[in-house]
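In: Pasting the sequence and the predicted coordinates here, then a few questions.
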Amino acid sequence: MKTIKYVLSFFMITALIISCTQEEDNLDFINNIAAPSNVSAAVSVTQDNTGLVTITPLGEGVASFTIGYGDGSEISGTINPGESSDHIYAEGTYEIVITAVGLNGDTTSVTQTIVVSFEPPQNLVVTIENDPAISKQVNVTATADNAMFFEVDFGDGSEIVTGNIGETVSHVYQDAGLYTIIVTALGAAIETATYTEVDFEVTAIVQPLTSAPTQPSRADEDVISIFSSAYTDVTGTNYFPDWGQASQGSGWTMFDLGGDEMLQYVNLSYQGIALADGTSVDVSNMEFLHLDVWTADAVTDIEVSLINNASGTVTEAPVTSSLTPNDWTTIEIPISDYVDQGLTITEIFQLKFVGTPWAAGTVFIDNIYFYKAPSGTPTGIAGTWKLSDAAGSLGVGPAVGDIGWWSCDPACVTQRACYFDDEYIFGADGSFSNVLGADTWVEGWQGGTDTCATPVAPHDGSSAATYTYDSGAGTVTLNGIGAYLGIPKATNTGEISNPADAPASITYNVTLSNFDTEMSVYIEAGAGVFWQYNFTKQGAAPSPLTGTWQMAQEAGSLGVGPAVGDTGWWNCDDPCVTQRACYYDDQYVFGSDGSFSNVLGADTWVEGWQGGTDTCATPVSPHDGSGMATYALDLGAGTVTINGVGAYIGLPKAVNTGEISNPADAPASITYDISFIDDNTISVVIEAGAGVFWQYKLVKI
């Protein structure tokens, strides 16, 4: 049986037609549907010298096709997706024109050359290669004179695969080994040309090509790490103790992938990890055991046992997890799975791994650690703060957000290191302290020379102080002579010029953000004089968004529909994900300092409304990541707001007021609904106009 290895992709329009009767915004949505893309045709010809050619048009986002045959005959009638057209040609070379019509009437036309020759195919050149990234996949490319298409028999009993001459077809084998591959080039002549590759070796990729997923930031008290570069490991651990595995053909080594080390267990029967003698860990306060495992398809399951030595009695319990071949499998085992088996977990001193099937394959393991949910829940203003050691964290200007009069640039931050290490401590009991150390920045009005020097009373932290925080009003009042935030001279009545004039209390306007780890502060020190500061909480749990995220590279991770959870109008299927690889590698970077960046690289998916042609191209301003942006996460409300013209998540056109049709209409901020599927996966939704829900699934990398 022969199969043409193409995907015929088109949209179902019923839901869209129904929605047109409901909302004008939905009509706008239809009008903004992209024109058809990836338009081409699969062609074949009968080998009987009749010149009968079968043309099957292909494309994405297509409602119908027409074909211009290129020989002066009339254009075909309407051809539905999945249908073909037969046409008889005389010998010659023809430029056929495939025109695809979209749901909204937009068209895309492409020209494709076909050669009809009654001469037999000649000069057949075949390239057969193992795919460098996909295990046991073989790619075949064939070119030949007088040929229109070629067939490949991959020699394993699978269906014959057909492709246009000059293109590449692929096949994934069940098993590695030696196979005879036969490639046949066909044209309009009865004769064909054949190439046979005897004993081509199909290889399996038996080691990872990429590192395990990047691990989230975790506070020290929330993790017990056994083996992971992301955290501090328990010292003295032996990752390769010999418990007799070598006699069963098992082996072990440290595998280095471009500087990233991971554990490699060869022919895994069972393998242990032993903490240093006399060392054990109490994991009763942890919630999960995490590990990342890579294997080819030999090892189908891995059994992970915890071994306890409470009161000198050794006990253990296993949990088995299935593995995904040729990919990293992230395993999260609830600690309760061990406890429910009766295992005591207060003195874990060994771990054991057992492979299924026994001693038959190799695994690579990374990021072995116990963890619990972040203990750093939002705590308001309580904690120790410092000025962020970044340019612009200290400045003054005529309005909030404007520090144009003066701000501390990078050279200033370096020069005033004695000041940027000052601590502002808000105690849970309502106490407040300025902790300045041996020196801070002392200005002329304090009797100094604008340099690092010994702190000057009363602004030296020596006096007792308290604070009152009003989260509703967004203010904090410091009570105590000499207590201050930012710079001591800025008070509610102006800028003092003598330390003796320090007031008994000062009120500041404050905004907490980024999981209560960032705090922006301003004070109007005299009419129209706004001193502004950015602080970072020390030792605080970071925002769960902190890190780099990408759209999940899977079908359905990008889509739109009439309700949350419904992407029936359109979603990106597997061919779409492949086609838009330049988009799926875009990065959304949430900084621990509350900054946000779109990192798009040299190209991304550029649509018609941006001046593009719905293809990979150079990013278009302002949606090119060049602007400065920040984000604010509100876990209670389940929202994240991106602030900055041109900053976005998912699709740049989808904003809170609808779908923009001009890059110049990019808003200053966009708010998205967000929910955490797990620590490394989020769902993001935006209602871009009434009843139009764009939906994205992002993963942390």
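Out: That came in fine, so what should we check first? These numbers were taken from a predicted model, which means no experiment stands behind them.

In: tell me the residue furthest from the middle of this structure?
Out: Within the chain, the residue lying farthest from the chain centre (Cα atoms, centre = their mean) is Ala500, at 54.8 Å.

In: Checking it next. Helix, strand or coil?
Out: helix (DSSP: H, G, I helix; E, B strand; the rest coil).

In: Which residue ranges of the stretch 301-450 of the chain form helices?
Out: Taking DSSP state H, counting those that start in this stretch as the criterion, the stretch 301-450 of the chain carries its helices at 335-339, 410-415, 417-420.

In: cool, and the chain?
Out: Counting by DSSP state H, the segments of the chain that form helices are 14-20, 24-31, 335-339, 410-415, 417-420, 574-579, 581-584.

In: quick one: buried residues of the fifth one?
Out: Okay, so that is helix 417-420. By 16 or more other Cβ atoms under 10 Å, the buried positions in helix 417-420 come out as Cys418, Tyr419, Phe420. No exception for glycine: its C-beta is placed from N, CA and C like everyone else's.

In: Asn164 and Val97: what is the separation?
Out: 16 Å (Cβ to Cβ, to the nearest Å).

In: Tell me which of those two has more neighbours.
Out: The neighbour comparison of Asn164 against Val97 (other Cβ atoms under 10 Å) goes to Asn164, with 21 against 15.

In: Might one say that that one is in contact with Met148?
Out: Yes: between Asn164 and Met148 a contact is recorded at 7.4 Å, counting by Cβ atoms under 8 Å.

In: between these two, what contacts are shared?
Out: Common contacts of Asn164 and Met148 (Cβ atoms under 8 Å, 6 or more residues apart in numbering): Val43.

In: Extract the residue ranges of this structure that are flagged as low pLDDT.
Out: Counting by pLDDT under 70, the chain shows low-confidence ranges at 1-33, 132-133, 216-217, 219, 373-379, 429, 514-515, 540-542, 593, 636.

In: Apply 50 and report the result again.
Out: Applying pLDDT under 50 to the chain flags the ranges 1-29, 376-378.

In: residues contacting the spatially most central residue of the chain?
Out: In the chain, the C-alpha nearest the mean C-alpha coordinate belongs to Gln550, at 2.0 Å (Cα atoms, centre = their mean). Going by Cβ under 8 Å, 6+ apart, Gln550 touches Tyr584, Asp585, Asp586, Gln587, Tyr588, Leu698, Val699, Ile701.

In: Same check on Thr613?
Out: Val606.

In: what residues does stretch 105-112 touch?
Out: Stretch 105-112 is contacted from outside by 33-37, 39-41, 43, 59, 95-102, using Cβ under 8 Å, 6+ apart.

In: if you set the cut-off to 7 Å instead, what comes out?
Out: By Cβ atoms under 7 Å, 6 or more residues apart in numbering, the surrounding residues in contact with stretch 105-112 are 35-37, 39-41, 95-101.

In: Buried ones among these?
Out: Buried members of these, scored by 16+ other Cβ under 10 Å, are Ala35, Pro36, Ser37, Val39, Ser40, Ala41, Ile96, Ile98, Thr99, Ala100, Val101.

In: Endpoints of stretch 412-425, how far apart?
Out: Taking Cα to Cα, to the nearest Å, stretch 412-425 runs 24 Å from one end to the other.

In: Tell me the gap between that stretch and the middle of its chain.
Out: Relative to its parent chain, stretch 412-425 has a centroid offset of 35 Å by Cα atoms, centre = their mean, to the nearest Å.

In: mind starting the numbering at 898 from now?
Out: From this message on, residue numbering opens at 898, which makes the last subject stretch 1309-1322.

In: buried sites along that stretch?
Out: Within stretch 1309-1322, the residues scored as buried using 16+ other Cβ under 10 Å are Cys1309, Val1310, Gln1312, Arg1313, Cys1315, Tyr1316, Phe1317, Asp1319, Tyr1321, Ile1322.
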